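[1] this one's structure only:
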């Protein structure tokens, strides 16, 4: 029997309709990028419903404390049951788009694949989110963010020289290369449907997105400007003025003044005479720069350096943990984190923002 439970309400201002007001979507429940995509769509004003299978939550998950589920109700339906499957197709008939995260072929076996949905709604955008894609020899293999980012390249560049790569939570492939690309794809497909009247399938694969995120690095490599092993290049920790440093209290700062003007501010804040150092871009002197910077930052706690660089445009900022980030004055002023009305927890608010509109044509 179908069940319906309201997920946590959408935090943030409720009086602004959002740019996707009027767009309706169906989300076939899963973990990782699909609920994140559903949250993004709902945050931008789309009206959605999440369809979860019985017992669909994993890892002892508490949906009441999950910001990914905000902004749309969750219905528990068993797609193997004809009546529940018919109910899903009724939802599809009144929707503009559907997103799902099954392995290739599963939606078809359940009777909710593209052809099944187009039979009731030929204008539907059908967004498919997989790890390996709908085609290819690995299409049916299991995987998670760590596997997709590992195969596509980003994970290898999280390692220090001689050390093992460290996963960056699940942000690279699940959300960066997955849900973000899925949302871009379905929104582009909605524009195509508006022109042609014909539904579109969007094949979003986390491995594809993770590879696409490395476009800058691949370009630098093709130009001979990323020549070294992981951890020894410009943006992966090999550069002493694009790295993190430990402070006296064991906390860290992020340092990234690539431009000469900002680099000069770094040296001034640290109290280092530039004439006592090798030139900024002379890589032979980078070990000396790293040694001097490490010693300087280790002299004082992080709060000291926050105060020093608060008034300097030096690209020096604190490295905050999940408890500290919601309390930072800049993020508080912007409302980057909001209070979830159900759990009372501080959670990331909607992004991106939409500002004033121009005059009507």
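    That came through, no problem. Treat the numbers as computed from the prediction; the structure is a model and nothing was measured.
[2] and residue 180, how close does it get to residue 75?
    Residue 180 sits 26 Å away from residue 75, going by CB to CB, to the nearest Å. All C-beta spots, glycine's among them, are computed from the backbone N, C-alpha and C.
[3] what's the domain layout of this structure?
    Following automatic domain parsing, one finds the domains of the chain at 3-212, 243-318.
[4] figure out which of these is closest to residue 220.
    In terms of CB to CB, the element of these nearest to residue 220 is domain 3-212, at 11.5 Å.
[5] quick one, strands of this protein?
    3-6, 24-28, 47-52, 73-76, 97-100, 125-130, 200-205, 243-246, 252-255, 316-318, 337-339, 346-348 (DSSP state E).
[6] any stretches of the stretch 51-200 of the chain with poor pLDDT?
    Using pLDDT under 70 as the threshold, the predicted model of the stretch 51-200 of the chain has low-confidence ranges 56-61.
[7] any chance of the strands of the chain in a markdown table, plus distance to residue 325 and mean neighbour count?
    Below are the strands of the chain laid out as a markdown table (distance: least, CB to CB, whole Å; neighbours: other CB atoms under 10 Å):
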| stretch | distance to residue 325 | mean neighbour count |
| --- | --- | --- |
| strand 3-6 | 28 | 11 |
| strand 24-28 | 27 | 25 |
| strand 47-52 | 27 | 22 |
| strand 73-76 | 28 | 18 |
| strand 97-100 | 28 | 26 |
| strand 125-130 | 27 | 26 |
| strand 200-205 | 28 | 21 |
| strand 243-246 | 16 | 16 |
| strand 252-255 | 13 | 18 |
| strand 316-318 | 10 | 19 |
| strand 337-339 | 7 | 17 |
| strand 346-348 | 9 | 18 |
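[8] which among the ones you listed is found nearest to residue 331?
    Counting by CB to CB, residue 331 lies closest to strand 337-339 out of these; the figure is 6.1 Å.
[9] does residue 186 touch residue 100 like I think?
    No: with the criterion set as CB atoms under 8 Å, residue 186 and residue 100 do not qualify as a contacting pair; they are 11.3 Å apart.
[10] now do the shared contacts for these two.
    Shared between the contact lists of residue 186 and residue 100 (criterion: CB atoms under 8 Å, 6 or more residues apart in numbering) are residues residue 127.
[11] picking that back up, pick the most buried one from the domains of the chain.
    When you average the neighbours per residue for each of those (mean count of other CB atoms under 10 Å), domain 3-212 leads with a mean of 18.
[12] quick one: it to chain centroid distance?
    For domain 3-212, the distance between its averaged C-alpha position and the chain's averaged C-alpha position is 13 Å (CA atoms, centre = their mean, to the nearest Å).
[13] helices of the stretch 151-300 of the chain, start to end?
    Listed in chain order, the helices found in the stretch 151-300 of the chain under DSSP state H, counting those that start in this stretch are 180-196, 206-212, 215-222, 260-270, 286-297.
[14] which among these is found nearest to residue 308?
    Ranked by CB to CB, the member of the helices of the stretch 151-300 of the chain that lies closest to residue 308 is helix 260-270, at 4.9 Å.
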